[in-house]
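Trainee: Sequence first, then the predicted structure:
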Amino acid sequence: MKIDIVTLFPEMFKGPFDESIVKRAIDKKLVKINIHNLRKWAKDKYKTVDDHPYGGGVGMVMMVEPVYKALKDLKKQSTINNQQSTILLSPQGKQYNQQKAQQLSKLDHLIFICGHYEGFDERIRQLADEEISIGDYILTGGELPTMVVVDSLVRLIPGVLEKPEATKNESFSPCSLRSIGYYLEHPQYTRPANFKGWKVPEILLSGDHKKIEAWRKKQSLKRTKKRRPDLIKTKTDLQ
């Protein structure tokens, strides 16, 4: 997979993509991530990419022309057969979830446009295939949301994780889908079995894998009912 990120603050991406699973994916050549400074496509000597909004208002607005030029250049680098999507990160976008991560992880080329903290020219929306939000709150720009989205989808690319089954029974994963909705993941424990009186459930020490699996399913449902009842489809299942 190839990922292009268009941003006003390219330096922000140095740390997150240089560590852990994303770095491993890059080293394995399973994903290539390119960070592009939008100012590269500015037309004046001052590298201007934002301006005052028409009609007045506070702050500066990201201009459409530099974004248009950036996308035009980046899309040229994809082959005809590549499955490509251009994504705009914005608080007004459709809320991101695990199912969208699964969908995006199957594409060949993703282009992310990091929104501006004071907003962007409305015409930029016409240049994107979809608009994504990571939650109902405001950040200073689209850089952090882009990092979140990239991290969540890269780990789903085949070969990135040493044990592919690790993604199958996670909270919100497609394999967590049951007849009543999605379960949150069951509780996990490791050594020591007793820490300051906080003990690991005996069933997990029993070695009886059938009973352990049944316990985990029960705990998943219990946890979902308590923490995220909205994930369960019918009210009757909460009784």
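Mentor: Received the coordinates, thanks. Numbers count the residues shown, from 1 in each chain.
Trainee: how long is stretch 135-143 end to end?
Mentor: Counting by Cα to Cα, to the nearest Å, you get 14 Å between the two ends of stretch 135-143.
Trainee: What are the buried residues along it?
Mentor: G141, G142, E143 (16 or more other Cβ atoms under 10 Å). Using the backbone N, CA and C atoms, a C-beta is placed for each residue, glycine as well.
Trainee: List the residues that contact T146.
Mentor: I5, T7, L89, F112, C114 (Cβ atoms under 8 Å, 6 or more residues apart in numbering).
Trainee: Closest one of the residues you listed to P229?
Mentor: Distance to P229 across those (Cβ to Cβ) is lowest for L89, with 29.2 Å.
Trainee: Was I right to think the closest one contacts I111?
Mentor: No. Counting by Cβ atoms under 8 Å, L89 stays clear of I111, with 11.4 Å between them.
Trainee: ok, residues contacting stretch 2-19?
Mentor: Residues contacting stretch 2-19 (Cβ under 8 Å, 6+ apart): 22-23, 26, 31-39, 49, 62, 67, 70-71, 74, 77-78, 108-114, 116, 141-144, 146-147, 150-151.
Trainee: Could you do stretch 32-39 as well?
Mentor: Contacts of stretch 32-39 (Cβ under 8 Å, 6+ apart): 1-8, 10, 13, 17, 22, 26, 47, 49, 62, 66-67, 70, 74, 150.
Trainee: circling back: columns secondary structure on top of the buried residues of stretch 135-143, output as TSV?
Mentor: Formatted as TSV, these follow (DSSP: H, G, I helix; E, B strand; the rest coil):
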residue	secondary structure
G141	coil
G142	coil
E143	helix
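Trainee: ok, how many other residues are close to the residue nearest to I21 when sequence neighbours are not counted?
Mentor: What sits nearest to I21 in space, not counting adjacent residues and going by Cβ to Cβ, 6 or more residues apart in numbering, is R155, at 5.1 Å. When neighbours are counted by other Cβ atoms under 10 Å, R155 registers 19.
Trainee: And for A128?
Mentor: A128: 20 neighbours (other Cβ under 10 Å).
Trainee: go on, Q126?
Mentor: 9.
Trainee: still on that earlier bit, next, find the distance separating the residue nearest to I21 from E162.
Mentor: Taking Cβ to Cβ, to the nearest Å as the criterion, R155 is separated from E162 by 11 Å.
Trainee: do M1 as well
Mentor: 18 Å.
Trainee: So for the two, which residue has more residues nearby?
Mentor: More crowded of M1 and E162, by other Cβ under 10 Å: M1, with 20 against 8.
Trainee: quick check: domain ranges of the chain?
Mentor: With domains defined by automatic domain parsing, the chain comprises 2-154, 168-238.
Trainee: How many residues are close by R216?
Mentor: Neighbours of R216 (other Cβ under 10 Å): 18.
Trainee: would it count as being in a helix?
Mentor: Yes. Per three-state DSSP, R216 lies within a helix segment.
Trainee: quick one, what contacts it?
Mentor: H186.
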